[in-house]
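Asker: this one's sequence-less:
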């Protein structure tokens with residue numbers, strides 16, 4: 001059953017007699033970044049259930065990070081269900097990506113707490129077939145992580161049967177409700193939000209050990225409609241931006257600081273800087289005036305057009321202790337941006353914003369100002385991406401590679417739906433994971449090219465004595481580097497390496513197996 005705008009009144013029973021479990025599922029992927037991954041929507045649902053007087057509300061967060069904000073992982077097999085087994089079948093297999101004669105193999109992992117830990121937790125908390133919870137609320141995020149949600153719902157049904165109502169909400173069921181309804185065993189698929197929970201504070205007391213940071217959502221909605229972004233679907237097709245009052249936002253942060261000692265706050269919003277003078281600025285002004293010991297982050301990035309409007313904004317962000325600045329750079333070609341319907345941003349906004357960041361006291365080339373470079377989009381040119389990488393490196397120094405993943409319900413996804421259906425990826429949404437290069441087949445670049453793009457970004461990010469190298473710097477080294485690319489030195493290098501190749505045979509092996517370490521999580 002699919003519901004849009006789900007109200008709690010649709011659920012039967014007296015809340016004072018009901019028990020509920022909140023679940024943040026594990027992640028099946030080749031890589032996972034655990035920073036700022038708190039399930040804030042689920043924690044607001046928990047606040048709502050407690051507000052309604054539920055007898056008992058428990059949380060199991062598979063993705064709960066340790067004190068270093070890391071999650072455990074173990075290898076699994078691709079295209080294998082874990083609704084019954086705890087461990088993968090042997091021998092272990094890899095995800096294989098091929099183009100032409102090249103082949104790239106990637107390990108796939110279960111990130112988060114194990115299935116066995118989950119079953120032990122259920123037993124320890126008395127949730128058995130004889131004593132099931134009334135409801136299980138599951139929050140699912142990325143559409144390409146749907147497989148773990150499938151396995152989780154099957155496990156719950158096997159354990160509790162029909163006595164427990166499973167509710168599936170979050171980004172995945174909102175963007176692909178029919179897929180979620182047919183591919184999981186959820187009883188209720190919530191497409192959209194639960195309006196009663198939207199303005200509530202996240203309830204961190206649901207954790208046995210409270211986290212060391214909190215996510216704050218000061219607004220939702222965006223007036224723009226970029227072709228690759230799903231915010232319109234997530235916000236009921238509305239272009240409006242809905243704000244929480246600055247007083248309420250500051251009060252939530254104060255409560256989390258006074259109760260849990262939390263000082264690190266990450267802002268999550270569809271468009272954080274929209275009408276910033278009357279919203280974000282008011283929050284930061286209160287923090288500065290009251291000398292609150294907070295540290296702020298905006299991990300999703302800050303729109304460069306609005307960031308570059310007024311130097312007062314960045315000065316205020318610096319005074320309020322924003323630790324890092326993230327600037328999105330999809331392309332240095334304004335016409336390409338217009339093709340993505342990102343019409344309000346120009347390259348000049350990025351350059352101006354970077355300069356204003358530096359003027360406000362944020363250090364460039366030192367990881368305090370970072371730029372997202374989006375690549376892996378359909379129809380892109382490798383030369384174009386390389387130029388974007390070099391330009392971004394020269395302007396800010398720190399590049400964060402962002403492989404593009406097409407998102408169901410977006411304009412770009414719908415444009416390429418015939419291509420996805422041809423490959424069966426409208427069903428196998430996990431194959432649309434950007435790390436698997438879903439548009440590789442239609443793009444000009446080879447596997448080696450795309451691996452080299454990431455190598456190039458990592459190389460340019462390398463720091464020595466607190467700074468990265470400037471390709472277009474004024475030092476003699478920078479000048480010599482540029483000269484060597486155009487004065488015929490390339491032919492000398494090729495001649496020497498050709499002689500070496502003639503003397504020593506190259507071992508036969510797959511063309512792209514070497515860079516696997518760059519695509520696997522640390523310690524894997």
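Answerer: Looks like it came in fine. Keep in mind that this is a model prediction, so the values were computed, not measured. Numbering: from 1, shown residues only.

Asker: Around the closest residue to residue 366 other than its chain neighbours, how many other residues sit close by?
Answerer: Take residue 366 and drop its neighbours on the chain: the residue closest to it by Cβ to Cβ, 6 or more residues apart in numbering is residue 466, 5.8 Å away. The way it works is simple: take the backbone N, C-alpha and C, and place the C-beta from them, glycine included. Neighbour count for residue 466, taken as other Cβ atoms under 10 Å: 9.

Asker: now residue 466: how far from residue 435?
Answerer: Here residue 466 is placed at a distance of 30 Å from residue 435 (Cβ to Cβ, to the nearest Å).

Asker: Also residue 232?
Answerer: Residue 232 sits 25 Å away from residue 435, going by Cβ to Cβ.

Asker: Which one's more surrounded, those two?
Answerer: Comparing residue 232 with residue 435 by neighbour count (other Cβ under 10 Å), the higher total belongs to residue 232, at 19 against 16.

Asker: Would you mind measuring from that one to residue 305?
Answerer: Distance of residue 232 to residue 305, given as Cβ to Cβ: 19 Å.

Asker: repeat for residue 144
Answerer: Distance from residue 144 to residue 305, counting by Cβ to Cβ: 30 Å.

Asker: same thing with residue 96?
Answerer: Distance from residue 96 to residue 305, by Cβ to Cβ: 41 Å.

Asker: Same drill for these two, tell me which one is more crowded.
Answerer: Between residue 96 and residue 305, residue 305 has the larger neighbour count (other Cβ under 10 Å), namely 16 against 12.

Asker: Do I have it right that the more buried one meets residue 347?
Answerer: No: look at residue 305 against residue 347 with Cβ atoms under 8 Å: they stay out of range, at 10.8 Å.

Asker: which residues in the stretch 251-400 of the chain form helices?
Answerer: Applying DSSP state H, counting those that start in this stretch to the stretch 251-400 of the chain gives helices spanning 280-289, 304-307, 311-319, 334-339, 347-359, 382-395.

Asker: got a list of contacts for the fourth one?
Answerer: Think helix 334-339. Helix 334-339 has contacts (Cβ atoms under 8 Å, 6 or more residues apart in numbering) with 227, 330-331, 343, 345-347, 384.

Asker: Recalculate using a threshold of 10 Å.
Answerer: Here helix 334-339 makes contact (Cβ atoms under 10 Å, 6 or more residues apart in numbering) with 226-227, 329-331, 333, 342-348, 377, 379-381, 384, 388.

Asker: Same check on the second one?
Answerer: If you take Cβ under 10 Å, 6+ apart as the criterion, helix 304-307 is touched by 271-276, 280, 298, 301, 313-314, 317, 325, 327-329, 344-354, 356-357, 371.

Asker: what about it, distance to the chain center?
Answerer: Averaging C-alpha positions (Cα atoms, centre = their mean, to the nearest Å) puts helix 304-307 21 Å from its chain's average.

Asker: Show me where the stretch 351-500 of the chain dips below the pLDDT cut-off.
Answerer: Applying pLDDT under 70 to the stretch 351-500 of the chain flags no residue at all.

Asker: can you give me the strands in it?
Answerer: Shown for the stretch 351-500 of the chain, the strands assigned by DSSP state E, counting those that start in this stretch span residues 369-375, 398-403, 463-464, 467-468.

Asker: Quick check: which of the ones you listed is nearest to residue 243?
Answerer: Ranking those by distance to residue 243, with Cβ to Cβ as the measure, places strand 369-375 first at 24.7 Å.

Asker: Strand partners (parallel or antiparallel) of the closest one?
Answerer: strand 325-329 (parallel), strand 398-403 (parallel) (DSSP bridges).

Asker: Next one: residue 364 from residue 136, what distance?
Answerer: Taken as Cβ to Cβ, the span from residue 364 to residue 136 is 48 Å.

Asker: And residue 85, by the same measure?
Answerer: Counting by Cβ to Cβ, the separation of residue 85 from residue 136 is 21 Å.

Asker: try residue 173
Answerer: 14 Å.

Asker: Comparing those two, which residue is more hemmed in?
Answerer: More neighbours surround residue 173 than the other of residue 173 and residue 136, with 29 against 25 (other Cβ under 10 Å).

Asker: Assumed that one was part of a helix.
Answerer: Yes: per DSSP: H, G, I helix; E, B strand; the rest coil, residue 173 lies within a helix segment.

Asker: who's in contact with it?
Answerer: If a contact means Cβ under 10 Å, 6+ apart, then residue 173 has 2-3, 138-140, 143, 146, 149, 167, 179-181, 184, 186, 188-192 as its contacts.

Asker: and if we set it to 8 Å?
Answerer: Residue 173 is in contact with 140, 180-181, 186, 189-191, counting by Cβ under 8 Å, 6+ apart.

Asker: Could you turn the buried ones of the contacts of helix 304-307 into a ChimeraX selection?
Answerer: Remark: buried members of these, expressed as a ChimeraX selection using 16 or more other Cβ atoms under 10 Å:
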select :271,272,273,274,276,280,298,301,313,314,317,325,327,328,329,345,346,347,349,350,351,352,353,354,356,357,371
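
Asker: quick one, helices of the stretch 51-200 of the chain?
Answerer: For the stretch 51-200 of the chain, the helices defined by DSSP H, counting those that start in this stretch cover 115-124, 146-160, 171-175, 177-183.

Asker: Only the buried residues of the second one, if you could.
Answerer: I take that to be helix 146-160. For helix 146-160, burial by neighbour count (16+ other Cβ under 10 Å) applies to 146-157, 160.

Asker: And the first one, by the same measure?
Answerer: Along helix 115-124, the positions that meet the burial threshold by neighbour count (16+ other Cβ under 10 Å) are 115, 118, 122.

Asker: and of these, the nearest to residue 486?
Answerer: residue 115 (57.2 Å).

Asker: nearest to residue 81, of the helices of the stretch 251-400 of the chain?
Answerer: Here helix 382-395 is closest among the helices of the stretch 251-400 of the chain (Cβ to Cβ), at 36.2 Å.

Asker: Run through who's touching that closest one.
Answerer: With Cβ under 8 Å, 6+ apart as the criterion, helix 382-395 contacts 329, 331-333, 336, 350-351, 354, 364, 371, 373, 375, 399, 444-445, 449, 453, 456-457, 460-461, 468, 470-472.

Asker: State the distance from the closest residue to residue 359 other than its chain neighbours to residue 397.
Answerer: Of all residues not flanking residue 359 in the chain, residue 311 sits nearest, at 6.5 Å (Cβ to Cβ, 6+ apart). Shown here: residue 311 relative to residue 397, a distance of 21 Å by Cβ to Cβ.

Asker: With residue 382 instead?
Answerer: Taking Cβ to Cβ, one finds residue 382 at 22 Å from residue 397.

Asker: again, but for residue 313
Answerer: 22 Å.

Asker: swap in residue 383?
Answerer: 22 Å.

Asker: who has more neighbours, these two?
Answerer: Neighbour totals were compared for residue 383 and residue 397, and residue 397 leads with 24 against 10 (other Cβ under 10 Å).

Asker: quick one, what contacts the more buried one?
Answerer: By Cβ under 8 Å, 6+ apart, the contact list for residue 397 reads 364-366, 369, 460-461, 467-468, 470.

Asker: Flag the shaky bits of the chain, pLDDT-wise.
Answerer: Looking at the chain by pLDDT under 70, you get 501, 503-524.

Asker: Recalculate using a threshold of 80.
Answerer: Counting by pLDDT under 80, the ranges of the chain that qualify are 67, 499-524.

Asker: pretty sure residue 301 contacts residue 328?
Answerer: Yes: Residue 301 lies in contact with residue 328 (Cβ under 8 Å); the separation is 4.2 Å.

Asker: Now list whatever residues contact both of these two.
Answerer: residue 372.
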